[in-house]
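Asker: next come a sequence and a model predicted from it.
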Amino acid sequence: MEIVSQVAVAMQAVFGTTLDILARTTGCVQRQRKFSGMSLLRTLVLTLLYRPGAKDRDYRATAARLNVFVTEEAIAHRFTDGLVQFLAEALKHTVCQALAAKPLPATLLLKFTELWIGDSTTLSLPDELAKQFPGCGGSEKAGKAAMKIQVLWSLKTGQLLQWLIESGRASDAKSEIAATVPPAGSLSILDLGYFSLERFRRIEDAKAYWISRFQHNTKVFDETGKQLSLLRFLQEHGENGLVDMPVVLGEKDRLPCRLIALRVPPEVAARRRQQACEKARDHGRQASQEYLNLLEWTIFLTNCPPELLSWKEVVVLYRARWQIELLFKLWKSHNRLAQREVDASPQRQMAVLYAKLIGVIVQHWILLTATWSDGQRSLRKAAAVVQDWIVLFSEVLDDLHRLGDLLYRLQAAIANTARVTPRKKHPSLFQLLENPELLEYTVC
């Protein structure tokens, strides 16, 4: 089944009549007068996709398009504990839909069966929810309550492989996405917060590949078993600004891998040191001089041998991990996922958040239909087109044929308006995946 048909079926499942049963079991709708579970979810999600900072009048307008005629006061009274539970359960149902587009056609990606990237993002919550969602603490900016969203994403097909909601205090390294074993021949690239020699060995045992940044204080040995002072070794052997060598990691783990170190320009190193000192100060500690000196280098670790990936290809592929940061940025800036009505009740804030989370997943599915086979697409521009069209979905959700037709029309509109022009200077990721030699990385 092609992706447009998959998305149409999934949207009908998410917005379908099973919501009426869910609304009754959660106590959200006890006696149906105006809203059913289905019409209530559609009202909230479609409104927030169209207008992320929605007011009661906006929900009322969407409800009217769904033939539900209520007052603004009736909308306001809907934000209860039962609604929060209803939306939380609806979100679980939504993330169970596994939708994958045709693989992104990029030369460098053809070397692997899959490319998995993973990371987390944290959203602040009302302090009243600190018991259910304890925050991180430890800094002035950290709230008492926070939600962490863990995402494991296939960059080849766009599929959201895993989506987990945890407390803000939860450790990335202990997350389920860190424990997930990838398929043979795949490549996994996760943020430094997931750094684990044990995880790297599990990936290697599965006959798969990984790339990571270097975690400071990890013990490094040469192939003979001699422990290296990494900073001194790079200073002595990196006279041309590049070190690419086999090493062994961990005193106990003894994990063989490849280390690639690239010296950065002085201004980049200075900026890194300033940021490192500020971060350490925020956490009540002081950065060591050795750590600050190591910031002159960008250090990668991988089990990909040189015959599989050149050092430039390693750099390009690690940059691909930034796409998940751009996905989070899209959700937070375009969909305003992190924005809260701080004067509203905790129930209303949580209900809006859960409805937005359902919305960004549905939005992601729609973007898969229109952008994934074209590496020159702009997710931000495409999301803006979806926002303009979202009101039309209220009329076609119950008709699979008309829903599919709307998705095809939207696909054509996005293809015509949401592309980026190839650049000679600062090539895009897609250009680099096609030709890693375009990488503008001066070895200092």
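Answerer: Yep, that arrived. Numbers count the residues shown, from 1 in each chain.

Asker: quick one: the one helix or strand Leu46 maps to to chain centroid distance?
Answerer: Here Leu46, judged by DSSP states H and E, is contained in helix 37-50. Helix 37-50 sits 23 Å away from the centroid of its parent chain (Cα atoms, centre = their mean, to the nearest Å).

Asker: could you tell me the angle between whatever helix or strand comes next after that helix and helix 37-50?
Answerer: As assigned by DSSP H and E, the chain's next helix or strand after helix 37-50 is helix 56-65. Going by axes from the mean of the first three to the mean of the last three Cα atoms, to 10 degrees, helix 56-65 is angled at 130 degrees with respect to helix 37-50.

Asker: give me the helices and strands touching the next helix or strand after helix 56-65, please.
Answerer: Using DSSP H and E, the helix or strand that follows helix 56-65 towards the C-terminus is helix 72-76. Contact analysis of helix 72-76 by 3 or more Cβ pairs under 8 Å, 6 or more residues apart in numbering; DSSP states H and E lists helix 56-65 as its packing neighbours. Using the backbone N, CA and C atoms, a C-beta is placed for each residue, glycine as well.

Asker: give the buried residues for the helix it packs on.
Answerer: 56, 58-63, 65 (16 or more other Cβ atoms under 10 Å).

Asker: contacts for it next, please.
Answerer: Here helix 56-65 makes contact (Cβ atoms under 8 Å, 6 or more residues apart in numbering) with 35, 39, 42-44, 46-47, 50-51, 69-73, 75-76, 391, 394-395.

Asker: can you select the buried ones among those residues for me in ChimeraX?
Answerer: Command for ChimeraX that selects the buried part of those, burial taken from 16+ other Cβ under 10 Å:
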select :35,39,42,43,44,46,47,50,51,70,75,391,394
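
Asker: before we move on, back to that, can you list the buried residues of helix 56-65 in JSON lines and add distance to Ala287 and pLDDT?
Answerer: Output for those, formatted as JSON lines (distance: Cβ to Cβ, whole Å; pLDDT from 0 to 100):
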{"residue": "Asp56", "distance to Ala287": "49", "pLDDT": "96"}
{"residue": "Asp58", "distance to Ala287": "47", "pLDDT": "97"}
{"residue": "Tyr59", "distance to Ala287": "49", "pLDDT": "97"}
{"residue": "Arg60", "distance to Ala287": "53", "pLDDT": "96"}
{"residue": "Ala61", "distance to Ala287": "53", "pLDDT": "96"}
{"residue": "Thr62", "distance to Ala287": "51", "pLDDT": "96"}
{"residue": "Ala63", "distance to Ala287": "54", "pLDDT": "96"}
{"residue": "Arg65", "distance to Ala287": "56", "pLDDT": "95"}
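
Asker: pick the one among those closest to Gln235.
Answerer: Minimum distance to Gln235 across the buried residues of helix 56-65 is 60.0 Å, recorded for Asp58 (Cβ to Cβ).

Asker: could you measure the closest one against Ser5, distance?
Answerer: Separation of Asp58 from Ser5 (Cβ to Cβ, to the nearest Å): 31 Å.

Asker: just Gln349 next, same as before
Answerer: For Gln349, the distance to Ser5 - Cβ to Cβ - is 36 Å.

Asker: who has more neighbours, the two?
Answerer: Neighbour count, other Cβ atoms under 10 Å: between Gln349 and Ser5, Gln349 has more, with 21 against 14.

Asker: can you pull the contacts of the more buried one?
Answerer: 125-126, 340-342.

Asker: 10 Å instead, please
Answerer: Going by Cβ atoms under 10 Å, 6 or more residues apart in numbering, Gln349 touches 79, 84, 124-126, 128-129, 340-343.

Asker: just the buried subset of the residues you listed, written out for ChimeraX, thanks.
Answerer: Paste this into ChimeraX to select the buried members of the contacts of Gln349, with burial taken from 16+ other Cβ under 10 Å:
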select :79,84,124,125,126,129,340
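
Asker: the contacts of Gln349: which two are farthest apart?
Answerer: Phe79 and Ser124 (18.6 Å).

Asker: right, and the helix or strand after the host helix or strand of Val360?
Answerer: If you go by DSSP H and E, Val360 is part of helix 346-371. Per DSSP H and E, the first helix or strand lying C-terminal to helix 346-371 is helix 379-389.

Asker: show me what counts as buried in that following helix.
Answerer: By 16+ other Cβ under 10 Å, the buried positions in helix 379-389 come out as 379, 382-383, 385-387, 389.
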